[in-house]
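Trainee: predicted model follows, preceded by the sequence.
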Amino acid sequence: MKVDILCEGHVIGHSDLEPVDPPMGVAGGHFVPAPEYVPSIHALVIDGDDNVSGEYAELSARSDEYGMLVCAGVYIEDFEETVQEINVTVLGMAHPEYASVFASHALFKAYWGDEA
């Protein structure tokens, strides 16, 4: 599912989420930063260390198809300096919506089979 990652209503990047932990409603994917992305403000983890700047901002995720995702939280792990990778995770998506979005995905089917 393609999503925009937002901070205070402003798009700071994009991702194509996949199911990571279906029973917990967790999705994740590679984060593609927009020019507005600032690691010291938007990333929870920077190159393996907790962001201790004290400025961590609350993030949200929005899809064109499903609108704002109802979830427990969104966080970014920025490993750009060490391994040239930035990932985003969406935690605790509500079950009906999670299943609606990911039911046809191979990773979702591998976990739930035909139960979902």
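Mentor: Ah, there it is. Numbers count the residues shown, from 1 in each chain.

Trainee: hey, where'd the strands end up in the protein?
Mentor: 2-7, 10-16, 18-21, 26-33, 45-46, 49-50, 59-63, 67-68, 73-79, 85-91 (DSSP state E).

Trainee: between the second one and strand 59-63, how many degrees?
Mentor: Read that as strand 10-16. Relative orientation of strand 10-16 versus strand 59-63 (axes from the mean of the first three to the mean of the last three CA atoms, to 10 degrees): 60 degrees.

Trainee: for strand 10-16, packing partners?
Mentor: strand 2-7, strand 26-33, strand 85-91 (3 or more CB pairs under 8 Å, 6 or more residues apart in numbering; DSSP states H and E). Where you see a C-beta, it was placed from the backbone N, CA and C, and this is true even at glycine.

Trainee: now do the third one
Mentor: If contacts are counted by 3+ CB pairs under 8 Å, 6+ apart, strand 18-21 sits against strand 26-33, helix 95-102, helix 106-112.

Trainee: which stretch in the strands of the chain has the least confidence?
Mentor: Among these, strand 49-50 has the lowest mean pLDDT, at a mean of 82.

Trainee: chain center to that strand, what's the gap?
Mentor: Counting by CA atoms, centre = their mean, to the nearest Å, strand 49-50 is centred 18 Å from the centre of its parent chain.

Trainee: could you do stretch 14-33 as well?
Mentor: Stretch 14-33 sits 5 Å away from the centroid of its parent chain (CA atoms, centre = their mean).

Trainee: span of that stretch from start to end?
Mentor: For stretch 14-33, the first and last residues are 6 Å from each other (CA to CA, to the nearest Å).

Trainee: could you pull out the buried residues of it?
Mentor: 14-15, 17, 19-20, 22, 25-29, 31, 33 (16 or more other CB atoms under 10 Å).

Trainee: determine which two of the residues you listed are furthest apart.
Mentor: Put simply, by CB to CB the two of these set farthest apart are P22 and P33, 27.1 Å from each other.

Trainee: run the chain-centre distance for stretch 26-34.
Mentor: Chain-centre distance of stretch 26-34: 5 Å, with CA atoms, centre = their mean.
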